[in-house]
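Asker: Sharing a sequence plus its predicted fold:
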Amino acid sequence: MANRIIDHAEDNKSINHVISVKISRAILAGFESMFADFLNITLAAQSRFERAAWHEVQDAMKLRLKIYENKVENTAHAIKSIAYEEYMETSLWHEAKHQFATLIINHENALIGQTFFNSVFGSIKGDENKRDVHLFILQEQFKPKTRSTNEILCHLDSATGVISALEQLLNYFKFRIPFEDIQRDISSINQILRKFDGDMLSIENCHIEFAKSLFFRNKATYIIGRIIDDDDNRCVPFALPILNNDNGELFVDAFIIGEGQLSMLFGFARAYFMVDTDQPVRYVDYLCQLLPRKQRFELFNAIGFIKHAKTEFYRYKVDSTKDMPTGEKYISAPGIKGMVMLVFTTQNSEYVYKIIKDTFTPPKNITRKGVMEKYDFVKNADRIGRLVDTQEFRYLAFDLSRFSQEILIELKQKAGNNIIISGNALILKHVYVERKMLPLNLFVKQSDDIELKNVMFEYGNAIKQLAAANIFPGDMLMKNFGVTRWGRVVFYDYDEICPLLECHFKSIPQADNTFDELSNEPWFDIEPNDVFPEQFSIFLSSNLKAKKYFEFYHSDLFDAVYWQKLQKSIQDGEIADVFPYKDKWRFNRN
């Protein structure tokens, strides 16, 4: 009888091994399928660019964002069929993780594959049941290892002259359509390059290194690389934006040079690039060399691998928490407290954590689901450098001792349904992570006259560019906008955001009498989605000097006709040009 029991236990162990192998193979198959579909959409980016198929560009971006979750769902469904009643057994997943790690040990994109495993596991077992023992996150053997980037790069010697090297660079990439005037463009690049001669590098004794794959986004494609001084190995990163004119010809629009300028191109408020490569991890390794102040998760985000970016962020969060000064605590983020979100950070952190409150302060009447839908809308929108990207997490753990008493009390009182305290951990069931910025209303208070003029010009431009992209912020109070380290104004409060075409822009009707005009209540009917631009000045009423500058630069925003014309342009299929670099950097093509 004892032998039979032992045999039965061994049989179960053997069956579980077989099932775990099948699970690991199913996850690998799901990952390969996801990656193939992701890559196929990306590979068509050049064709869309050459055909100036800008609406297809937007559709492709939205479609690519859906692939990952769809493949996770399909894979989870397959595993439930493969494992049947055993699919929830923890021991099975321990073994499946071991088998999967063996399958992908030499895989080019093992890091992203690990994240896919994590996602499938979370889909089946629930995010609240995730533990490091099940996931490929914190264990040392699963952390990113730097690899060679040589095979994704090209090198051009400038021994025969910089002009010759630049010509080789532009001719390396094969397009279906010709350049408008390639010699003019090379001359323009050379003029900018000469300004750095002897300062940042020695132009006549350097070589050009660049990535073999183009970076496509919106109406442009970019050559990314760096110039390396052969005397002392000084490096200067660069980007060449190439546009498609109305005649179906190409032209180089600017020469973006230096880490600071390139950083703006990979900003956190931009849409994701399409990079036609099957080696994205090596591309991120290379971008880390060009932009050492950017975090890895920011660069994975920039090229569209937003789920793996979350894995990288979690590693960053754990490491940065370990490095926090002993007395540093999580505190309320600077600025006016919101009606919908509770926001906290640390003094030295570059990021904030935003939690949806249990109940909202009147007059907000949106639901929790509605808020989440707004954030999904932003994730799928063309952010055009004016909407802050967010990372959404579930069951994100923090060190409880790192929270100040003030923020801990506020969390318990205003978001108690969203937190779990377990031992030394505080776990947030649902949270958004955003880049920290100085709120515009605080920036205005501490700015001098020149800074105030510039930021009010930027504030209006942000509203206009969002509107041209069919996005209406809704609540345009200055506290809902932030100022980046480059002085750029971006929007980050999304609970009232909506497509511009859903709004009804109207002029305020003439009052019938003085009594109506002086009344605190409107004397006219207001329907849902009605917007009266004449009332926008109320958003600026707290600072009369700021209001004066805003009205000087952007008085058209107070006119309903301006907004109606924008809506007409969008309905006619027009897509506005918005450049991720300063106008003064653009070349004169005359």
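Answerer: Here it is on my side, so go on. Numbers count the residues shown, from 1 in each chain.
Asker: Next, count neighbours for Asn348.
Answerer: Counted with other Cβ atoms under 10 Å, the neighbours of Asn348 add up to 10. Every C-beta, even on glycine, is put in place using the N, C-alpha and C of the backbone.
Asker: ok, now which ones touch it?
Answerer: 324-325, 328 (Cβ atoms under 8 Å, 6 or more residues apart in numbering).
Asker: can you do 7 Å?
Answerer: Applying Cβ atoms under 7 Å, 6 or more residues apart in numbering, we find Asn348 in contact with Glu328.
Asker: SS state for Phe31?
Answerer: Following DSSP: H, G, I helix; E, B strand; the rest coil, the label given to Phe31 is helix.
Asker: centre of the chain versus stretch 361-380, how much separation?
Answerer: Its chain's C-alpha centre and that of stretch 361-380 lie 19 Å apart, by Cα atoms, centre = their mean, to the nearest Å.
Asker: which residues are contacting stretch 291-307?
Answerer: By Cβ under 7 Å, 6+ apart, stretch 291-307 touches 64, 68, 112, 115, 119, 144, 259, 262-263, 266, 268, 272-275, 280, 283-284, 287-288, 308-309, 312-313, 316, 389.
Asker: now these: which count as buried?
Answerer: Neighbour-count burial (16 or more other Cβ atoms under 10 Å) is assigned, among those, to 64, 68, 112, 115, 119, 262-263, 266, 268, 272-275, 280, 283-284, 287-288, 308-309, 312-313, 316, 389.
Asker: With adjacent residues omitted, what lies nearest to the residue most central in space within the chain?
Answerer: Geometric centre of the chain, nearest residue: Asp389, 4.1 Å, by Cα atoms, centre = their mean. Nearest non-adjacent residue to Asp389, counting by Cβ to Cβ, 6 or more residues apart in numbering: Phe268, 5.1 Å away.
Asker: which residues touch the one you found?
Answerer: Contacts of Phe268 by Cβ under 7 Å, 6+ apart are 298, 388-389, 435.
Asker: follow-up on the earlier one: take the buried ones among the contacts of stretch 291-307 and keep only those in strands.
Answerer: Mapping the buried ones among the contacts of stretch 291-307 onto strands (DSSP state E) picks out 274-275.
Asker: Let's see which of the buried ones among the contacts of stretch 291-307 end up in helices.
Answerer: Under the assignment DSSP state H, those contribute 64, 68, 112, 115, 119, 262-263, 280, 283-284, 287-288, 308-309, 312-313, 316 to helices.
Asker: Model confidence score at the closest residue to Thr149 other than its chain neighbours, please.
Answerer: Once flanking residues are discounted, Thr149 sits nearest to Tyr286: 4.4 Å by Cβ to Cβ, 6+ apart. Predicted confidence (pLDDT) for Tyr286: 97.
Asker: contacting residues around stretch 227-246?
Answerer: 49-50, 52, 180, 196, 200-202, 205-209, 219-226, 250-259, 262, 265, 290.
Asker: First-to-last residue distance for that stretch?
Answerer: 32 Å (Cα to Cα, to the nearest Å).
Asker: could you measure Arg296 against Val281, distance?
Answerer: 10 Å (Cβ to Cβ, to the nearest Å).
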